[in-house]
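J.: sequence and predicted structure, then a few things I'm wondering about:
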Amino acid sequence: MNIVFAASEAVPFAKTGGLADVVGALPREMERLGHDVQLFLPAYREALESGPAAEVTDYELDIPIASKHVSGRLLRSRLPESQVTVWLVDQPDYYDRPQLYGEHGRDYQDNCERFVFFCRAVMEGLVQMDRPVDLLHCHDWQTGLIPAYRESLYGHHRPFAETATLLTIHNLAYQGRFWHWDMLLTGIDWKYFNWRQMEFHGDLNLLKTGIVFADRLSTVSPTYAEEIQSEPLGCGLSDVLRHRADVLTGIVNGIDTDRWNPATDAHLAQTYDADSWPQGKAACKAALQQASGLAVEPRRPLIGLIGRLASQKGWEITLPLLEQQLASSDLQWIVLGSGDPAIERRLRQLMQAHP
């Protein structure tokens, strides 16, 4: 099959969370199964600086956004250790920024426009390439418009004549919910702005749009697929998901065992395998304690927390427990993440109080 992935981040080009790990690994695995695979990503500053080198192509973009036209282009790169072509949608006004989605705990105000452009750029780029696409695999709200574009504006183009669309929901809490007048940015007919399709409590909801229009839906585990069909984990979309339950599948996220292999990981202080793990893990723990400014004590428990610093991740529960443990136990803690300035500030206060 000719499979096209579209996502807002992927390792090693750009990453804020687990989405990037999945999208960086799954296309390579699909290629190993014999499929022809391509991946579309925004050409963020981080992607151009951190990812494999990208070359300029002849694919020029002229995307209608409301009453204006915005130009861009496609750059070509490749996923490491594969033949997966990566198309980077280059538009510096949208993507040449310090972060992917926002700064200082606030989203960029034009995020709707940025990802409307990205979704249309994917479709326009594929029209120019003029190759039939068997499967368009979209990820989260940033690509939720692609199934709707396949249905409304691009279905008559040859590449999409027999295209199936799949939307994977990695985190239902992030929905791409915007002012209803942003519907004008999409170029999609207002008839689709109704409670059954793109409208959500008076707003434009891009994740709901993808859920409604995609041929199939998947999410990160069978349990999560069940949980999001009721509130509160349905985040307001449980009715929509129950309506589409027959095409919703939960698939447990795997890991890239080539990348996350302690026997070959050059970033570890000491590599180890199933036979040498006690010595290897002890050496890595000591190196981490030293690098973090903690006392190097082999028998002292060390706990690490890695993730987005947001209330949706449960920090209103974690912070009081963390404070209690720091005051009453000899546990060592390392927290890695960014996000809500208030949570960041409280963690710094705890670090200063318990050096």
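T.: Alright, I've got the coordinates. Numbering: from 1, shown residues only.
J.: tell me which stretches of the protein form helices.
T.: Under the criterion DSSP state H, the chain carries helices at the ranges 18-32, 45-50, 92-95, 111-129, 145-152, 183-186, 206-213, 222-227, 238-243, 277-291, 315-328, 341-353.
J.: any idea of the mean pLDDT in the third one?
T.: Averaged across helix 92-95, the pLDDT comes to 98.
J.: now that helix: buried residues?
T.: For helix 92-95, burial by neighbour count (16 or more other Cβ atoms under 10 Å) applies to Tyr94, Tyr95. Bear in mind the C-beta positions are built from the backbone N, C-alpha and C, glycine included.
J.: how about the last one?
T.: Of the residues in helix 341-353, those buried by neighbour count under the rule 16+ other Cβ under 10 Å are Ile343, Glu344, Arg346, Leu347, Leu350.
J.: now it - C-alpha only, CSV.
T.: Output in CSV follows, covering the C-alpha atoms of helix 341-353 (Å, rounded to 0.1, in the frame of the first residue of the first chain):
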residue,chain,number,x,y,z
PRO,A,341,4.1,28.4,34.5
ALA,A,342,2.4,27.9,37.9
ILE,A,343,3.4,24.3,38.0
GLU,A,344,6.9,25.1,36.9
ARG,A,345,7.2,27.8,39.6
ARG,A,346,6.0,25.4,42.4
LEU,A,347,8.4,22.7,41.3
ARG,A,348,11.3,25.2,41.5
GLN,A,349,10.2,26.3,45.0
LEU,A,350,10.2,22.6,46.1
MET,A,351,13.6,22.1,44.5
GLN,A,352,15.0,25.1,46.5
ALA,A,353,13.4,24.0,49.7
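J.: number of nearby residues for His137?
T.: As a burial measure, His137 scores 25 neighbours (other Cβ atoms under 10 Å).
J.: ok, it to Cys112 distance?
T.: Distance, His137 to Cys112, using Cβ to Cβ, to the nearest Å: 22 Å.
J.: out of the helices of the chain, which one sits most buried?
T.: helix 206-213 (a mean of 26; mean count of other Cβ atoms under 10 Å).
J.: between that helix and helix 111-129, how big is the angle?
T.: Here helix 206-213 runs at an angle of 40 degrees relative to helix 111-129 (axes from the mean of the first three to the mean of the last three Cα atoms, to 10 degrees).
J.: circling back to that earlier point, make JSON lines out of the helices of the chain and add distance to Val86.
T.: Shown next, in JSON lines, are the helices of the chain (distance: least, Cβ to Cβ, whole Å):
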{"stretch": "helix 18-32", "distance to Val86": "9"}
{"stretch": "helix 45-50", "distance to Val86": "9"}
{"stretch": "helix 92-95", "distance to Val86": "14"}
{"stretch": "helix 111-129", "distance to Val86": "12"}
{"stretch": "helix 145-152", "distance to Val86": "17"}
{"stretch": "helix 183-186", "distance to Val86": "25"}
{"stretch": "helix 206-213", "distance to Val86": "22"}
{"stretch": "helix 222-227", "distance to Val86": "28"}
{"stretch": "helix 238-243", "distance to Val86": "31"}
{"stretch": "helix 277-291", "distance to Val86": "32"}
{"stretch": "helix 315-328", "distance to Val86": "34"}
{"stretch": "helix 341-353", "distance to Val86": "32"}
